[in-house]
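Peer 1: Build the 3D model from these lines:
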Amino acid sequence: TDLVQRLLGRQLRQPGAPHDVAADAHACLDLALYEHQKGPTPPLDPPASAVTESDRKRLLVHSLPAGFRDVDVIFLFPPGCPPIAELQRESKAATKAVVGFGTEADAQATFAMLPGRLKPDSLGRAQKLVKVP
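Peer 2: Predicted structure coming up:
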């Protein structure tokens, strides 16, 4: 969506509109044509993201192994971290969980306490790879 807006100057999807795979495919072809006509695009800064206040109190835990239980997710967090206020999973078999804390500062403190090397994801957001025992 961001590339279409920045390079082609058009909106791919209106806010709240459903996902349209045909429009995505069309935009992908238009981006390829743009690159072919104009040459390679230089590196772009990551898009600005509007993170809600409630999301700033949460950490996303993903790529969980099969059979990983809610209690196992809780034990990924080191002793002494702020208390977990909520744990949400789509199902018991889900490979990701959202862990909520009372405040944004609690979420940030917990993230800082997690073992693992800090590295940005594809959008430049901080992430850590934590080994599962």
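Peer 1: Distance from the chain centre to the helix-or-strand element of the chain with minimal mean pLDDT, please.
Peer 2: None of the helices or strands of the chain scores lower by mean pLDDT, DSSP states H and E than helix 2-3, at a mean of 86. Remark: helix 2-3 is offset 16 Å from the chain centroid, using Cα atoms, centre = their mean, to the nearest Å.
Peer 1: start the count at 51, not 1, going forward
Peer 2: Okay, using 51 as the starting number, the last item reads as helix 52-53.
Peer 1: where does the closest residue to Gly174 other than its chain neighbours land on pLDDT?
Peer 2: Excluding the flanking residues, the one nearest Gly174 by Cβ to Cβ, 6 or more residues apart in numbering is Pro96, at 3.7 Å. (C-beta placed from N, C-alpha, C; glycine too.) Per-residue pLDDT puts Pro96 at 75.
Peer 1: Pro96 is in contact with Arg56, isn't it?
Peer 2: No - using Cβ atoms under 8 Å, Pro96 is not in contact with Arg56; the gap is 11.3 Å.
Peer 1: any idea how far the nearest residue to Lys146 once chain neighbours are set aside lies from Ala98?
Peer 2: Nearest residue to Lys146, sequence neighbours excluded (Cβ to Cβ, 6+ apart): His112, at 4.0 Å. Distance, His112 to Ala98, using Cβ to Cβ, to the nearest Å: 23 Å.
Peer 1: No more questions from me, cheers.
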